[in-house]
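> From the sequence below, what's the structure:
(one chain, ligands or ions: 1)
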Amino acid sequence: MQHLIFDSHAHYDDEAFAPDRHAVIQALRQQGVCNVMNVGANLDRSRESIALAAQYPFIYAAAGIHPCDVKDAPADYREQLKQLLSQPKVKAVGEIGLDYHYPDNAPRQVQMEFFQTQLQLAKQYDLPVIIHDREAHGDTMDLLQAYKPKGVVHCFSGSVEMAREVVKLGMYIGLGGAVTFKNAKTPVAVAASVPLEALLLETDAPYMAPVPFRGKRCDSSMILYTAEKIAEERSRQGSPITAQELLRITRQNASRLFNIPLED
Ligand code: NI
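This next block holds a predicted model:
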């Protein structure tokens, strides 16, 4: 079978997969998945991502400290992260960024410091970044403009105009299950307008399952539903494309960004 699905953002280390992790991951290959980028959220979970990448040839890892985990990071996080970033299957720094949604997150200034430190590490290790931006579009764009990293803004939630700015910087737009949600006006407008060569597909598994699985545990095979929705929307707006073509192109995009060779 053809393996056309490259999931550019998943968390198979999450406890939601504790009961049957191996079975779920094994099944992905039979469901058309070629590769998975398993993204770390803190130092421990980055180590778990690296362990998964060591166990399964088609999984790769990102290491980083998520803005929601900044408040619990140890003082020597930078040194520890450097060690993780030099491991062979670590292909990105992530996820990193800003989250102004939750009031108990670290103060904005502290989040910005961690974000900048990790943007600098990405430069130093010549790795792309995986950006988390929740309700922090202005500060996120300021730092992306200043550092001009290679990378992707994952689960993109900004406007069509912001997407254009991100693409102008040479970065990618990551879209997942949210484009299939009933009230998803802006993500759908972004999905229809972003240049194909700047688009990545993702799940954020176990979260963000696309319709018709919304609210259930998500896995990478469900990307098919996201691809179908985006292909349908682009076709409706005058740029006909099939879900298969979309999967093929976004798979090449992910391979290029993360420097991961495709097998078939
Ligand atoms: Ni995530």
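
> Excluding residues flanking it in the chain, which one is nearest L84?
A63 (4.1 Å; C-beta to C-beta, 6 or more residues apart in numbering). Just so you know, the C-beta spots here come from the backbone N, C-alpha and C atoms, and that holds for glycine as well.

> Could you do I130 as well?
G94 (2.7 Å).

> secondary structure class for the one you found?
strand (DSSP: H, G, I helix; E, B strand; the rest coil).

> Also V70?
helix.

> For the nearest residue to it once chain neighbours are set aside, grab phi and psi.
Spatial nearest neighbour of V70, excluding adjacent residues (C-beta to C-beta, 6+ apart): A106 at 4.2 Å. A106 adopts backbone torsions of phi -60, psi 150, taken as degrees, to the nearest 10.

> Quick check: A106 touching L98?
No - the pair A106 / L98 is not scored as a contact, 10.1 Å apart, by C-beta atoms under 8 Å.

> Name the residues contacting each of the two.
P67 (C-beta atoms under 8 Å, 6 or more residues apart in numbering).

> out of these two, which sits in the busier spot?
A count of neighbours by other C-beta atoms under 10 Å puts L98 above the other of A106 and L98, at 24 against 19.

> And the residue lying closest to the more buried one once chain neighbours are set aside, how far from L81?
Spatial nearest neighbour of L98, excluding adjacent residues (C-beta to C-beta, 6+ apart): A136 at 3.6 Å. Per C-beta to C-beta, to the nearest Å, A136 is found 21 Å from L81.

> Helices along the stretch 101-250 of the chain, start to end?
Counting by DSSP state H, counting those that start in this stretch, the stretch 101-250 of the chain has helices at residues 108-124, 137-147, 160-168, 185-193, 223-236, 243-258.

> and Y207, which of those is closest to it?
helix 223-236 (13.2 Å; C-beta to C-beta).

> Which positions in the closest one come out as buried?
Neighbour-count burial for helix 223-236 flags I223, L224, Y225, T226, A227, E228, K229, I230, A231, E232, E233, R234 (criterion: 16 or more other C-beta atoms under 10 Å).

> what does stretch 238-250 give?
Here stretch 238-250 shows I241, A243, L246, L247, R248, I249, T250 as buried, counting by 16+ other C-beta under 10 Å.

> correct me, but the second one touches T226?
In this case it means A243. No - A243 is not in contact with T226 according to C-beta under 8 Å; the separation is 9.0 Å.

> now the helix or strand bottoming out on mean pLDDT in the chain, how far from the centre of its chain.
In the chain, the helix or strand scored least confidently by mean pLDDT, DSSP states H and E is helix 185-193, which has a mean of 95. From the chain centre to the centre of helix 185-193 is a distance of 17 Å (C-alpha atoms, centre = their mean, to the nearest Å).

> and it, C-alpha only, in PDB?
Output of helix 185-193 as PDB, limited to C-alpha atoms (Å, rounded to 0.1, in the frame of the first residue of the first chain):
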ATOM      1  CA  LYS A 185     -14.300  29.800   9.500                       C
ATOM      2  CA  THR A 186     -10.800  31.200   9.800                       C
ATOM      3  CA  PRO A 187      -8.900  27.900   9.600                       C
ATOM      4  CA  VAL A 188     -10.900  27.000   6.600                       C
ATOM      5  CA  ALA A 189     -10.100  30.300   4.900                       C
ATOM      6  CA  VAL A 190      -6.400  29.800   5.700                       C
ATOM      7  CA  ALA A 191      -6.600  26.200   4.400                       C
ATOM      8  CA  ALA A 192      -8.000  27.400   1.100                       C
ATOM      9  CA  SER A 193      -5.600  30.200   0.500                       C
END
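
> same for it, what does it pack against?
Secondary-structure packing of helix 185-193 (3 or more C-beta pairs under 8 Å, 6 or more residues apart in numbering; DSSP states H and E): helix 160-168, strand 172-175, helix 223-236.

> which one of the ones you listed lies closest to R45?
Of those, nearest to R45 by C-beta to C-beta is strand 172-175, at 18.8 Å.

> Alpha carbons of the closest one, as PDB, please.
Extracted as PDB, the C-alpha positions of strand 172-175 are listed here (Å, rounded to 0.1, in the frame of the first residue of the first chain):
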ATOM      1  CA  TYR A 172       5.100  26.500   6.900                       C
ATOM      2  CA  ILE A 173       1.500  26.500   8.100                       C
ATOM      3  CA  GLY A 174       0.400  23.400  10.100                       C
ATOM      4  CA  LEU A 175      -3.200  22.500   9.900                       C
END
